[in-house]
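A.B. asks: have a look; sequence and predicted model below, questions after that.
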Amino acid sequence: MNISLFNFFFSLSANPFIANWALLVSNIFIYSFAIFAIIIVYIIKRDIFYPLIVFGSGAIAWVSAYIIKNITMISRPFVALGLNPLFFESGFSLPSGHVTVISAISTIMWSVDYRLGIVFFIFTIFVAISRMIIGVHYPIDVICGLILGVLIGLFILWFYKATLGFAFLRKYI
């Protein structure tokens, strides 16, 4: 089923419009959304710690995905299936680092404003689909990335609340 779903999404890359859309979402829009999240959360909260939480959740998500990729060592679909992807990625496949990062950020954005969270989670779904269309991730990779990212975002929110909003750091900033 994993390979069948991957083949379906990857077949969509034959359409030039869909292929270009997937490349934009995967490689440009994701960074724009992350920067937008940092800026908008500061505008809404007027607190320097919220942009740090957004940035920190993305960084922790990226490092976590990298560590798990190097533990699982699952080949990317284009390597395993001998395909010619739209974009070459190095490293391993499980979990999707892009989806892990954007879902962690989306979780933080949900806690700031649920309407923003909805927009960010819709974008997370677009990122997940685009990663399969360009041929660098299986469906299980993006699902695991989504789950991992949400868990990281929830953990960071819990930690922030447990430390009373980083009260121990506020005296230094």
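C.D. replies: Sure, I can see it. None of the values given here were measured: they were computed from a predicted structure.

A.B. asks: check contacts around the closest residue to Phe10 other than its chain neighbours.
C.D. replies: Leaving out its chain neighbours, the residue that sits closest to Phe10 by C-beta to C-beta, 6 or more residues apart in numbering is Gly135, at 5.2 Å. Every residue, glycine included, has its C-beta placed from N, CA and C. The contact partners of Gly135, by C-beta atoms under 8 Å, 6 or more residues apart in numbering, come to Phe10, Ser13, Arg76, Pro77, Phe78, Leu83, Asn84, Pro85, Leu86, Phe87.

A.B. asks: how many neighbouring residues does the last one have?
C.D. replies: Just to be clear, that refers to Phe87. 17 (other C-beta atoms under 10 Å).

A.B. asks: which secondary structure state does it sit in?
C.D. replies: Three-state call for Phe87 (DSSP: H, G, I helix; E, B strand; the rest coil): coil.

A.B. asks: confidence score at it?
C.D. replies: Phe87 carries a pLDDT value of 73.

A.B. asks: now for it: which residues touch it?
C.D. replies: Leu23, Ser26, Asn27, Ile134, Gly135, Val136.

A.B. asks: ok, the third one next?
C.D. replies: Contacts of Arg76 were listed using C-beta under 8 Å, 6+ apart, and they are Pro85, Glu89, Gly91, Phe92, Ser93, Gly135, Val136, His137.

A.B. asks: could you find the closest non-adjacent residue to the first one?
C.D. replies: Closest residue in space to Pro85, ignoring its immediate chain neighbours: Gly135 at 3.2 Å, by C-beta to C-beta, 6+ apart.

A.B. asks: give me the pLDDT value at that neighbour.
C.D. replies: On pLDDT, Gly135 comes in at 88.

A.B. asks: so it: helix, strand or coil?
C.D. replies: Per three-state DSSP, the secondary structure class of Gly135 is coil.

A.B. asks: so it versus Thr72, what's the distance?
C.D. replies: 19 Å (C-beta to C-beta, to the nearest Å).

A.B. asks: re earlier: format the contacts of Arg76 as JSON lines; extra columns: distance to Phe159.
C.D. replies: What follows is these, written out as JSON lines (distance: C-beta to C-beta, whole Å):
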{"residue": "Pro85", "distance to Phe159": "37"}
{"residue": "Glu89", "distance to Phe159": "31"}
{"residue": "Gly91", "distance to Phe159": "28"}
{"residue": "Phe92", "distance to Phe159": "28"}
{"residue": "Ser93", "distance to Phe159": "29"}
{"residue": "Gly135", "distance to Phe159": "36"}
{"residue": "Val136", "distance to Phe159": "31"}
{"residue": "His137", "distance to Phe159": "29"}
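
A.B. asks: now the helices for the protein?
C.D. replies: Taking DSSP state H as the criterion, the chain contains helices spanning 2-11, 16-24, 30-45, 49-72, 77-80, 97-112, 114-133, 139-162, 167-170.
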